[in-house]
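Asker: all I have is the shape, not the residue letters:
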């Protein structure tokens, strides 16, 4: 990936600013969401009291064939039993959807900044991705999906490397009743770039394989995605095998109560090079998690929930991991205006 590509990802495209200026003739709606989570977390054999306040602001703009939305969120994490452990997340994104007869196009941009402090260690990174997705309906219940995108991640503060990725994916999709089935062929090329380490050189690699997706929307919500990829890493003769699994299951227990089960798991094959172990590949989305969430609507604007689960942020170096079990009580308030 060239420097020009990373400039696109670190600075929102000019189209974002143009759309904001031309929204006077479209129906626009702003929203604000306040959220607070409190509970206990089990980490490294000890219990911590954790608080996660967050604020999200955004806007939705739409017309019959056009839809645009943007939002930004700030969320700190406080572990009160140990002031030397804390986290912070700042995210922003926008999506632009346009539909014309049998063709629809979706442009999505996202940028994330995260930092964690664990005892005397400090981890911080910024990542961005830009994706264009196109759907073509050749029949009422059959369509083709193609997507292409760029990824960028900078972990200069602790792992001394950057990741540049471009990828493409294409395949057919079927609508069967309330179910969606997708089969896609995926290809990705990446470059690992060392920062201020003269003894290391850039590393290139490729990942390619199949992506299966099944989705059901009816009396319950079910979504399953499985990705199997061959991972070809520079200076390695045999490819490794990467796997990604995501499962979502949701139930409406009553008109006000719902139950959500979610898991996300990424397993990478061994691509470590014994001569240059500092440069290790990790996908831009590298969080493994599993949780159950029970929620109820207190009013049209307010929701309360209980979440039990485990989360692991896969840091590139394995001497420390941001992972914990937690029991969380949350309260979410949202207003549209």
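Answerer: Happy to help now that I have it. Everything numeric in this text was worked out from a predicted model, so none of it was measured.

Asker: helices along the protein, start to end?
Answerer: Listed in chain order, the helices of the chain (DSSP state H) span 3-10, 14-21.

Asker: OK, contacts around residue 214?
Answerer: Residues near residue 214 by CB atoms under 8 Å, 6 or more residues apart in numbering: 179, 180, 181, 182, 222, 223, 224, 225. For every residue, glycine as well, the C-beta is placed using N, CA and C.

Asker: I'd say the fifth one and residue 213 touch.
Answerer: No - no contact is recorded between residue 222 and residue 213 when judged using CB atoms under 8 Å, the distance being 11.4 Å.

Asker: who does the closest residue to residue 208 other than its chain neighbours bridge with?
Answerer: Take residue 208 and drop its neighbours on the chain: the residue closest to it by CB to CB, 6 or more residues apart in numbering is residue 187, 4.6 Å away. Residue 187 has these beta-bridge partners by DSSP bridges: residue 168, residue 208.

Asker: could you do residue 289 as well?
Answerer: With DSSP bridges as the criterion, the beta-bridge partners of residue 289 are residue 264, residue 311.

Asker: now do the contacts for it.
Answerer: Neighbours of residue 289 in contact, by CB under 8 Å, 6+ apart: 262, 263, 264, 309, 310, 311, 312.

Asker: now the buried members of those residues.
Answerer: If you count burial by 16 or more other CB atoms under 10 Å, the buried members of the contacts of residue 289 come out as 262, 263, 264, 309, 311, 312.

Asker: now, which of the residues you listed sits nearest residue 192?
Answerer: residue 312 (21.9 Å; CB to CB).

Asker: need the pLDDT of the closest one.
Answerer: In the predicted model, residue 312 carries a pLDDT score of 83.

Asker: how near is the closest residue to residue 173 other than its chain neighbours to residue 93?
Answerer: Computed as CB to CB, 6+ apart, the closest residue to residue 173 that is not its neighbour in sequence is residue 182, at 4.5 Å. Remark: distance between residue 182 and residue 93 (CB to CB, to the nearest Å) = 23 Å.

Asker: same question, residue 164
Answerer: 20 Å.

Asker: between these two, which one's more packed in?
Answerer: The residue with more neighbours, out of residue 164 and residue 93 and counting by other CB atoms under 10 Å, is residue 164; that gives 22 against 18.

Asker: I'd assumed residue 202 was in contact with that one.
Answerer: No - under the contact definition of CB under 8 Å, residue 164 does not touch residue 202, with a separation of 9.5 Å.

Asker: list of residues touching stretch 41-56?
Answerer: Everything outside stretch 41-56 that qualifies as a contact, by CB under 8 Å, 6+ apart, is 32-40, 71-82, 85, 323-326, 328.

Asker: what of stretch 86-104?
Answerer: Stretch 86-104 is touched from outside by 12, 15-16, 19, 65-79, 105-117, 134-138, 322, with contacts defined as CB under 8 Å, 6+ apart.

Asker: returning to what we had before: which residues touch the residue nearest to residue 208?
Answerer: When contacts are counted by CB under 8 Å, 6+ apart, residue 187 is found next to 167, 168, 169, 206, 207, 208.

Asker: if I look at the first one, how far off is residue 35?
Answerer: Yep, that's residue 167 we're talking about. Distance check for residue 167 against residue 35: by CB to CB, it reads 32 Å.

Asker: hmm, back to that, any chance of the contacts of residue 187 in CSV, plus neighbour count, pLDDT and distance to residue 301?
Answerer: Below are these laid out as CSV (neighbours: other CB atoms under 10 Å; pLDDT from 0 to 100; distance: CB to CB, whole Å):
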residue, neighbour count, pLDDT, distance to residue 301
167, 19, 95, 39
168, 15, 96, 41
169, 19, 96, 38
206, 16, 92, 48
207, 25, 93, 43
208, 16, 95, 46
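
Asker: show me the two of those residues that sit farthest apart.
Answerer: Within these, two members stand farthest from each other by CB to CB: 169 and 206, at 13.9 Å.
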